[in-house]
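K.L.:
got a sequence here, can you model it:
(one chain, ligands or ions: 1)
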Amino acid sequence: MKIIEVKDYQEMSQKAAAYVIEKVQKSPRLNLGLATGGTPVGLYQHLINDHQKNQTSYEGITTFNLDEYIGLSAGDPNSYRYYMNDKLFNYIDINQANTFIPNGDVNDPQKEASAYEKLIENHGGIDLQILGIGSNGHIGFNEPGTSFQSTTHIVDLTETTRKANARFFDSLEAVPKRAITMGIGTIMKSKEILLLISGESKSEAFYKLLHGEVSENFPASVLKQHPAVTIIADQAASIKVNVLQ
Ligand code: PGA
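P.N.:
Below you'll find the predicted structure:
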């Protein structure tokens, strides 16, 4: 894993954007894996600014998001479809028909999960996957204990994750209990991975990622077995790594 340490959230977002923009310019038909949550918001803002200023085009780009809550409609402000439209897609020249997110508002989420896995395969796989990390080491919504071989599947969200995400909802009760997520096996098939880590609340997870064992109890540890992972981490996230190494 290649590690780029940066000062703060702003610099992480800038560096991540520069990384993505370079890939998009080199490969105008890139399959880009995207993430939601607090971490990539700055990255998306920089992509928008660059699109407006430099006209970087996303016309030929296809995107696949990691996950979606089950039970929220696309129009629900807390759905990840809404988030992606609102934070990125509505402001760049991407063809909305080429932006894929699991649909959590279906009668048969299991069927949706299998179809999503096939969809990624049929498009030739993901070239570059953007990832965040949960404080419990989750990637996507793959909570501790998830098989490293897992494909897109349905998960019961842990209390830790629901509490962490409750800040976006009116109450903890309003946070869905289930989600559809790319599996760890799905993520590992990406040709390249860009992991963003920001803030002191992630410092323990970052330390464990670097110094802990590879174990299904800490999902992100699988990334040590991937041949092309770049981590951009800010100083706050690196605090334990720098003190304890
Ligand atoms: P966050 O979530 O970016 O909102 O901290 C990251 C994650 O849970 O994967």
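
K.L.:
just to be sure, residue 4 is in a helix?
P.N.:
No - when DSSP: H, G, I helix; E, B strand; the rest coil is applied, residue 4 is found to be strand, with no helix at that position.

K.L.:
what is the burial count for it?
P.N.:
Per other Cβ atoms under 10 Å, the neighbour tally for residue 4 reads 14. Just so you know, the C-beta spots here come from the backbone N, C-alpha and C atoms, and that holds for glycine as well.

K.L.:
distance of it relative to the ligand?
P.N.:
18 Å (Cβ to the nearest ligand atom, to the nearest Å).

K.L.:
what's the answer for residue 158, then?
P.N.:
Taken as Cβ to the nearest ligand atom, the spacing of residue 158 relative to the ligand amounts to 11 Å.

K.L.:
so what's that residue closest to, chain neighbours aside?
P.N.:
Distances taken as Cβ to Cβ, 6 or more residues apart in numbering place residue 143 nearest to residue 158, at 5.0 Å, with adjacent residues excluded.

K.L.:
got a pLDDT number for that neighbour?
P.N.:
Taken from the predicted model, the pLDDT recorded for residue 143 is 93.

K.L.:
what ranges do the strands span in the chain?
P.N.:
Ranges of strands within the chain are 2-6, 31-34, 62-65, 67-69, 99-100, 128-131, 153-156, 178-181, 192-197, 229-234, based on DSSP state E.

K.L.:
want to throw these into CSV with mean pLDDT?
P.N.:
Written out in CSV, the entries for these read as follows (pLDDT from 0 to 100):
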stretch, mean pLDDT
strand 2-6, 97
strand 31-34, 98
strand 62-65, 98
strand 67-69, 98
strand 99-100, 98
strand 128-131, 98
strand 153-156, 97
strand 178-181, 98
strand 192-197, 98
strand 229-234, 98
